[in-house]
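Visitor: Show me the folded form of this:
(4 chains)
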Number of protein chains: 2
Amino acid sequence: MRTYGEYCSIAKALDVVGDRWTLLIVRELLIRGGSRYTDLRDGLPGIATNLLSDRLRELESAGLIRREEAPPPIATALFHLTETGAELAPVLDAFYRWGLRYMAEPPSGDAFRGHWFAFSIWSLQDRDPDGPPASVELRAASTPVSVDVAGGKVSMRLGPALAPDLVLSGEPRLILGMFNGFITAAEAVDLGLDISGDVDVLLRILPEVAAAT
Amino acid sequence: MRTYGEYCSIAKALDVVGDRWTLLIVRELLIRGGSRYTDLRDGLPGIATNLLSDRLRELESAGLIRREEAPPPIATALFHLTETGAELAPVLDAFYRWGLRYMAEPPSGDAFRGHWFAFSIWSLQDRDPDGPPASVELRAASTPVSVDVAGGKVSMRLGPALAPDLVLSGEPRLILGMFNGFITAAEAVDLGLDISGDVDVLLRILPEVAAAT
DNA sequence: CGGCATCCTCTTTGATACTG
DNA sequence: CAGTATCAAAGAGGATGCCG
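Guide: Okay, the predicted model is just below:
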């Protein structure tokens, strides 16, 4: 990206991460942690492969990511965020919150990946910190993700849960709407969300407005 | 901007404001409030005039700004942020904080405008809320800005102060460095900042680390 | 298969000139 | 003042080829 040539902190930030795709690459690395090239490509549907490699090189020379040649068992290099790169989290979080307003209408032909639930999940809290650990599986995309609830915290991992106490399956917007307090769990079920297992685990992590019966 | 086609809040936000110059236009409107076309052009050195008019039209149709034909005394239309547009403030603030790391090196040929101090000023606080109102003028660009300190709050206006208690003049990076606690007031003076007037007003608003003697 | 590099086309940007 | 018109240059997108 051509520099704006302005002595302004915002313009300087945009000089570094204002290019198309750049912040979405950071999103992927924040959610996934160390990632292979093909993981990134899969998490960025629509990116041209040459652009991905261009951006990775630019991000590396800007000091936002680090390329690590993995030891022999793994045949491939992993891309990691540096400290500087990871400090973009508040920027992505602000975008996430502002962009929620555009998530209401059902996606028409939009791509979806289960791990994109991450920012929603990071804003949840376990309202029963002394309760037993619990596990939830979300099935809204071809690849499920699992949510761990324990000790007041809610976290996310890629892939299916081993022994989920609760499984949610249905449209992404229903799960998202519930997690963000736009619709209640009951409304989500009416609209087609399938909930099977221990519903209390769900009520434990939903914002109060969405947990209302 | 071509849509990313992803059902992800961050991607949706970037669909709307990810284009080059767009967020800087929002910056100008956040700082200045209602602005004329030429005010915007002056606050965005380097923008091509056709791009500014393109972006303004796009932002209007996206519902982020409103064009108001001003009543007869003013001969021209004013551009305002809508509620949706103003809610981008946390995004700009996050960029502002992240971008500060690139403000340390002295600008080489970068343009500067006094009102770009706004985000720094908004993060200051008046540490003597019961003290008398005070006024500071900053002269670091061709057009000065004035800072009002009163009742625990620090605010900024465009243009010179009427009867400043204190005047700071010198390089933008010295004022910025002080306001952000990277250098002390004493160090800023050593490095060439000129302080004239009531220094106590300065110590009242600087972060504690920068106010150390 | 992972990780690019190349080639080509199309769109966006930037610089400048011009107009109501 | 507040834009529109024009045109060259840069960047994005898509297809394909290469190499360990």
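Visitor: can you map out the helices along chain A?
Guide: A:9-17, A:22-32, A:37-43, A:49-61, A:83-86, A:89-99, A:118-122, A:172-179, A:185-190, A:199-205, A:208-211 (DSSP state H).
Visitor: Near DNA strand D, which residues of chain A are found?
Guide: Neighbours of DNA strand D within chain A, by C-beta under 7 Å from any atom of the strand: A:1, A:2, A:19, A:20, A:21, A:46, A:47, A:48, A:49, A:50, A:51, A:54. For glycine as for every other residue, the C-beta is placed from the backbone atoms N, C-alpha and C.
Visitor: Identify the residues contacting residue A:180.
Guide: Each residue near residue A:180 by C-beta atoms under 8 Å, 6 or more residues apart in numbering or on different chains is listed here: A:100, A:120, A:123, A:207, A:210.
Visitor: How about residue A:64?
Guide: Residues in contact with residue A:64 (C-beta under 8 Å, 6+ apart) are A:16, A:17, A:26, A:81, A:82, A:84, A:85, A:88.
Visitor: In TSV: those residues, plus pLDDT, neighbour count and distance to residue B:150.
Guide: Output for the contacts of residue A:64, formatted as TSV (pLDDT from 0 to 100; neighbours: other C-beta atoms under 10 Å in any protein chain shown; distance: C-beta to C-beta, whole Å):
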residue	pLDDT	neighbour count	distance to residue B:150
A:16	97	21	37
A:17	98	21	37
A:26	98	23	40
A:81	97	22	42
A:82	97	15	42
A:84	98	14	38
A:85	98	22	40
A:88	98	23	35
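Visitor: List the residues that contact the closest residue in space to residue A:198 that isn't next to it in sequence.
Guide: Excluding its sequence neighbours, the residue lying closest to residue A:198 (C-beta to C-beta, 6 or more residues apart in numbering or on different chains) is residue A:165, at 4.6 Å. Neighbour list for residue A:165: A:134, A:135, A:136, A:197, A:198, A:201 [criterion: C-beta under 8 Å, 6+ apart].
Visitor: Let me know whether the last one touches residue A:150 as I believe.
Guide: No. Counting by C-beta atoms under 8 Å, residue A:201 does not reach residue A:150; the two are 10.9 Å apart.
Visitor: Touching both of these two, which residues are there?
Guide: With C-beta under 8 Å, 6+ apart as the test, residue A:201 and residue A:150 both reach residue A:134.
Visitor: Between those two, tell me which one has more neighbours.
Guide: Between residue A:201 and residue A:150, counted using other C-beta atoms under 10 Å in any protein chain shown, residue A:201 has the larger neighbour count: 21 against 14.
Visitor: so what are the domain limits for chain A?
Guide: Split into domains by automatic domain parsing, chain A comes to A:9-101, A:114-211.
Visitor: Just put those domains in JSON lines and tack on distance to residue B:58.
Guide: Formatted as JSON lines, those follow (distance: least, C-beta to C-beta, whole Å):
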{"stretch": "domain A:9-101", "distance to residue B:58": "16"}
{"stretch": "domain A:114-211", "distance to residue B:58": "26"}
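Visitor: Which residues does stretch A:75-83 contact?
Guide: Identification of contacts with stretch A:75-83 by C-beta under 8 Å, 6+ apart yields A:26, A:29-30, A:33-37, A:40, A:56, A:63-70.
Visitor: Which residues in stretch A:132-141 does the neighbour count mark as buried?
Guide: For stretch A:132-141, the neighbour count (16 or more other C-beta atoms under 10 Å in any protein chain shown) marks A:134, A:135, A:136, A:137, A:138, A:139, A:140, A:141 as buried.
Visitor: closest to residue A:11 among those?
Guide: Residue A:11 lies nearest to residue A:141 out of those, by C-beta to C-beta, at 36.5 Å.
Visitor: From DNA strand C, how far out is that closest one?
Guide: Look at residue A:141 and DNA strand C: by C-beta to the nearest atom of the strand, to the nearest Å, they are 19 Å apart.
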